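S.K.: Kindly return the folded structure for what I paste below:
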Amino acid sequence: MNAPLPPLVTKQQYSTGWQASLNLRVERRGTRCALTHNLHNGPLRVQKALHPEGDDVCQILILHPPAGIAGGDQLRINLDVGSGAHAQITTPGAGKWYRSLGATANQRIHLDVAENAVLEWLPQEVIVFNRAIADTETTVTLAPNAKAIGWDIVCLGRTASGETFDQGSYRQSFRLQRPDQSPIWRETIKLQGSDAAMSSKLGLADHTVFGTLWLAGIKPDAALLEALRGLSISQGVCGLSSLPDVTVVRLVSNSSEAVRQYFEAAWAIARKHILQREAVTPRIWRT
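M.R.: Residues are numbered from 1 along each chain as shown. Reported below is the predicted structural model:
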């Protein structure tokens, strides 16, 4: 049985697309970290701001009501984490990049982390549909003594429905920088459906899921690296790189669940080691 086709953009949306933005600020007010600024335009919202660990951590669930990003859409997310504050950001479900009739969909994310602040950027996985034309950029600005833990998980094609990513394109850019814009780490990947990078051993080696976890604002630490290297993934291949101010964990797999389990285990280790906090799994991940 053929898989159902994902939604197509309408003629109106093809020419204009959804224009959506979300501007957030988390600040420490006394002993409590709170969402103090929440301005949205279009279909991007904060579903909830929660405190599952008490006043010290503000957990924010970002919701995109259309459920997916279609050709011509433009999404902007800006987050400021104020001095001494701790923000944890996640999403209520998997993101989706829908197939396009030809227009590019793009997303721009800017995350500013002030001195002595902490950011945990933990979105659920994104699924890139066949024939999607997607362009996403994330910029993290890290002040002195700030720390950030984040990840992204990308699934190419709806493999559970038998769909492969053999047409379209996916571009992902990530920049970690200081407030003066001097770079700490930067990389860009661009994949075309069925291009050589998807099958090459120097690329994805025929894997359909890839992910990157980053630990920023920390010096190389032998104990942390040893603990992370001791993890094993149930399906796929993983590796670790340690740079002066960022540690990067990468993996490729054919199972998004295996990637999630591995990253959650790595996050739990890093959170305790870097932030001196036990991992408290967001309830939304299990619903």
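S.K.: For stretch 112-132, buried residues please.
M.R.: 112-114, 116-132 (16 or more other C-beta atoms under 10 Å). Backbone N, C-alpha and C define where each C-beta goes, glycine included.
S.K.: Contact partners for residue 207?
M.R.: Contacts for residue 207 (C-beta atoms under 8 Å, 6 or more residues apart in numbering) come out as 236, 237, 252, 253, 254.
S.K.: Quick one: residues contacting the fourth one.
M.R.: Read that as residue 253. Each residue near residue 253 by C-beta under 8 Å, 6+ apart is listed here: 207, 209, 210, 211, 233, 235, 236, 237, 259.
S.K.: same deal with the first one?
M.R.: Residue 236 makes contact with 207, 209, 251, 252, 253, 254, 255, 258, 259, 262, according to C-beta under 8 Å, 6+ apart.
S.K.: Without its sequence neighbours, what residue ends up closest to it?
M.R.: Among residues not flanking residue 236 along the chain, residue 253 sits closest, at 2.8 Å (C-beta to C-beta, 6 or more residues apart in numbering).
S.K.: Check the gap between the one you found and residue 125 for me.
M.R.: 11 Å (C-beta to C-beta, to the nearest Å).
S.K.: where do the contact lists of these two overlap?
M.R.: Common neighbours of residue 253 and residue 125 (C-beta under 8 Å, 6+ apart) are 209, 211, 259.
S.K.: Just send these back as CSV, with pLDDT and secondary structure too.
M.R.: What follows is those, written out as CSV (pLDDT from 0 to 100; DSSP: H, G, I helix; E, B strand; the rest coil):
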residue, pLDDT, secondary structure
209, 97, strand
211, 97, strand
259, 96, helix
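S.K.: among the residues you listed, which ones are buried?
M.R.: Counted by 16+ other C-beta under 10 Å, the shared contacts of residue 253 and residue 125 give 209, 211, 259 as buried.
S.K.: The last one and residue 198: what is the separation?
M.R.: Residue 259 sits 17 Å away from residue 198, taking C-beta to C-beta as the criterion.
S.K.: helix or strand right after the helix or strand encompassing residue 49?
M.R.: Assessed by DSSP states H and E, residue 49 sits inside strand 45-50. Next in sequence after strand 45-50, counting helices and strands by DSSP H and E, comes strand 58-63.
S.K.: Partner strands of that following strand and their direction?
M.R.: Using DSSP bridges, the strands paired with strand 58-63 are strand 45-50 (antiparallel), strand 86-90 (parallel).
S.K.: Alpha carbons of the helix or strand following that strand, as CSV, please.
M.R.: Reading on from strand 58-63 to the C-terminus, the next helix or strand found by DSSP H and E is strand 74-81. What follows is strand 74-81, C-alpha atoms only, in CSV (Å, rounded to 0.1, in the frame of the first residue of the first chain):
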residue,chain,number,x,y,z
GLN,A,74,9.9,31.4,6.8
LEU,A,75,10.3,30.7,10.5
ARG,A,76,12.3,32.8,12.9
ILE,A,77,13.1,31.9,16.6
ASN,A,78,15.0,34.3,18.8
LEU,A,79,15.8,33.3,22.4
ASP,A,80,17.7,35.4,25.0
VAL,A,81,18.8,33.6,28.2
